[in-house]
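Enquirer: One predicted model, sequence on top.
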Amino acid sequence: MNCVKLLFLFVPVINSQQLRNCFLPPVISGKCDFSQRYRNLDGECNNLENQQWGNVGSILSRLIPANYSDNLSEPRGKKSGEDLPNSRWMSQKNHPDNDKPDTRFTHIVMQFGQFLDHDITVSPHDERIDCCLLKESEYDARCFSIQIPPRDRFYSWVNFTASCINFVRSTPVCQHHIREQYNGITSFVDASNVYGSNVGQHSFIRSYSDGKLLINENTKQLPTREQLNLRPDLTFIRPQKQTDFVAGDARVNEHPFLSAMHVVFVSEHNRVARELKKYFRKEFNSDEIIFQESRRLVAAEIQNIVYGEFLPTILGAGVMKQYDLLAKEESNYDPNMNPNIINSFTAAAFRFGHSMINSMFMLISGKNKENPASFWRLREIFDGNNVEGQRLPLEEMLEGLVSQMPQTTDAYFSTEITNHLFQKNERQENFGQDLLAINIQRGRDHGLPSYNQFRKYCNMEPLVDWKNRPRELPEEFWSSLKDVYGSVDDIDLIVGGVAEKNVRGGAVGPTFACIIGEQFKRLKFGDRYFYTHEEDNFYSQGLGEVTKRNVLNRTLGDILCENTELDILQKWVTLQPDPLYNPQEPCVSRPIMNLQEVAKELQSELQIKFRKRSREVPRTGRITKKLSAGILHVICQRTGDC
């Protein structure tokens, strides 16, 4: 009998969701516990009245109504009966590689941005379909493949038989008259990339001992599928491997520098858990309490980095103030603010970082005095190639990220991602996909209105005709747009937005700053668990004053120092070092989180909860540190962009 039960566990179950070509949003189970201290993994019940806001499966929001060619679902691509320009042709003609480093910032801006993106958004699609294998007589509504032009200056030379780049449309939501897409993970900045957005993924990565996450005991880094006895799915176009790392987000293996960010925050969780166990009294020293309190603290640290370092770096002071995004000691939850991810944010604006990617990723070794710097070419490390589950040279990778300049956000993209994306090196292939062409195609797939429509939404001067160049776009690029688009109203959002001149003190242009600012405003004020929210009548679950003060003093550099063997880092790691405004600091001299006093406050809060009393935490004085203001001052002094 036991054998029969055991075999049954391994029989693949066909979910009814897999039998349809659309997504049926989950049914909310019931009432929410207003006093719940910890977030639900799937994001439900963050908003007590609108329980589905921000949860797994939430429908993407729109700033402007969808623009499909048939007003229902067909991708935007028809204008007066003429097709929009081919996205691969656009990528090759108007967006060539051009080495133009941004001397203000470091490459970790791009890398943390990708890590953050994997915390808040993914637009699922069927990853088992190769639309390029369809015969001419076959039709699949999920396919919107990109045709490679006959005289492509790359494919025509290295793979003359290639005629198509695979593109599968994002899975739409069922029972919607006009096609809409959904978010496959929670919308909130809640460290779901560390902990997972569902019970299945979450259960794989927990040790269920002392509140810790699982690690590879040999490397002290991420576990692999093989170590967790997880069978790889070989049916994907990019099949999983036994040596793949396992983390809270399935995209952890896209390339090793992303994996390195996961290593850092898994290590930070385990460090916090270890300290809390040391200071918690016996009644609170259970695996579950230690885990949940550590998870709560790490999520708050990530929120603090996002609003205190990352957003000021990419948006600048003016936009930060406009959308009230500064990391302050107090904020207030707004139960009427929907935190769902905005469609134009995930399908266009937050892809600005693709323009910042370097072709070669720097590694710096403090041990090799003769040749301290080395490089990994991006095409050689996609999907965990050259790593194969082994120990990452973490310190060398991170020091490279905080030293190397990124590319400037502009119309130019590395050929590593426009010709060699996810290149299959094991097959001896020297070509891959085109990320920019895919970005353009994704915007059309999602029915994103044109660049001009978003200019109007963001209160910018609308485009009228080709004779009047907007001041935000360089003259040379404006001329190239005229050569490929029939009308100024045809310009794709990703194409126009990424090419704009940066806002003052930031790394993106005004249109993308507008969309990104609006999104992170919603993620801040629409999150009941945001770390700086004050107690109110809406059952906000922000941090206590002592814990909040400690978190507000944390920087990304502090976390890198405490979880690696790095010796010295600049104060603000998103900015290049500067002896006056952003000096190098020995790791041993950086402030540390006082987890002993944090544990004392947490136990006080838990004691109140367990006694079923109202949550009234004693105030210990106002916090004087404002992290956003700190880095904005440095940006101002260092660059003059005040």
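Expert: Great, that's in hand.
Enquirer: For stretch 481-495, what does the pLDDT average out to?
Expert: What stretch 481-495 shows for mean pLDDT is 95.
Enquirer: Please work out which residues outside it touch it.
Expert: Here stretch 481-495 makes contact (C-beta atoms under 8 Å, 6 or more residues apart in numbering) with 79-80, 82, 84-85, 89-90, 93-94, 344, 347-349, 351, 411, 436, 439-440, 443-444, 448-454, 463-466, 473, 496, 511. Every C-beta, even on glycine, is put in place using the N, C-alpha and C of the backbone.
Enquirer: ranges for the helices of the stretch 301-450 of the chain?
Expert: Applying DSSP state H, counting those that start in this stretch to the stretch 301-450 of the chain gives helices spanning 311-322, 343-347, 394-401, 415-418, 435-445.
Enquirer: now the ones you listed as a markdown table including distance to Ala273?
Expert: Converted to a markdown table, these look like this (distance: least, C-beta to C-beta, whole Å):
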| stretch | distance to Ala273 |
| --- | --- |
| helix 311-322 | 28 |
| helix 343-347 | 32 |
| helix 394-401 | 20 |
| helix 415-418 | 37 |
| helix 435-445 | 37 |
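Enquirer: Quickly compare those helices and say which is most buried.
Expert: Among the helices of the stretch 301-450 of the chain, helix 343-347 has the highest mean neighbour count (mean count of other C-beta atoms under 10 Å), at a mean of 26.
Enquirer: OK, contacts around Phe284?
Expert: Going by C-beta under 8 Å, 6+ apart, Phe284 touches Ile290, Leu602, Gln603, Leu606.
Enquirer: Distance of the first one relative to Glu500?
Expert: Between Ile290 and Glu500 the distance is 47 Å, computed by C-beta to C-beta, to the nearest Å.
Enquirer: same thing with the last one?
Expert: Taking C-beta to C-beta as the measure, Leu606 falls 49 Å from Glu500.
Enquirer: Those two: which has the busier surroundings?
Expert: Glu500 (26 against 17; other C-beta atoms under 10 Å).
Enquirer: quick one, what contacts the residue nearest to Ser207 when sequence neighbours are not counted?
Expert: In this structure, Ser207 finds its nearest non-sequential neighbour in Leu214, 4.9 Å apart by C-beta to C-beta, 6 or more residues apart in numbering. Counting by C-beta under 8 Å, 6+ apart, Leu214 touches Phe204, Ile205, Arg206, Ser207, Pro223, Leu228.
Enquirer: switch the cut-off to 6 Å
Expert: By C-beta atoms under 6 Å, 6 or more residues apart in numbering, Leu214 lies in contact with Ile205, Ser207, Pro223.
Enquirer: Could you do His125 as well?
Expert: Counting by C-beta under 6 Å, 6+ apart, His125 touches Val168, Ser170, Thr171.
Enquirer: Point to the residue nearest the middle of this protein.
Expert: In the chain, the C-alpha nearest the mean C-alpha coordinate belongs to Asp117, at 0.9 Å (C-alpha atoms, centre = their mean).
Enquirer: What strand or helix carries it?
Expert: helix 108-120 (DSSP states H and E).
Enquirer: Quick one: mean pLDDT over that helix.
Expert: The pLDDT scores in helix 108-120 average 98.
Enquirer: just stretch 413-422 next, same as before
Expert: On average, the pLDDT along stretch 413-422 is 96.
Enquirer: and the nearest residue in space to Ile290 that is not next to it in sequence, what are its phi and psi?
Expert: Spatial nearest neighbour of Ile290, chain neighbours left out: Gly211 (2.8 Å); criterion: C-beta to C-beta, 6+ apart. The phi and psi values for Gly211, taken as degrees, to the nearest 10, are phi 70, psi 20.
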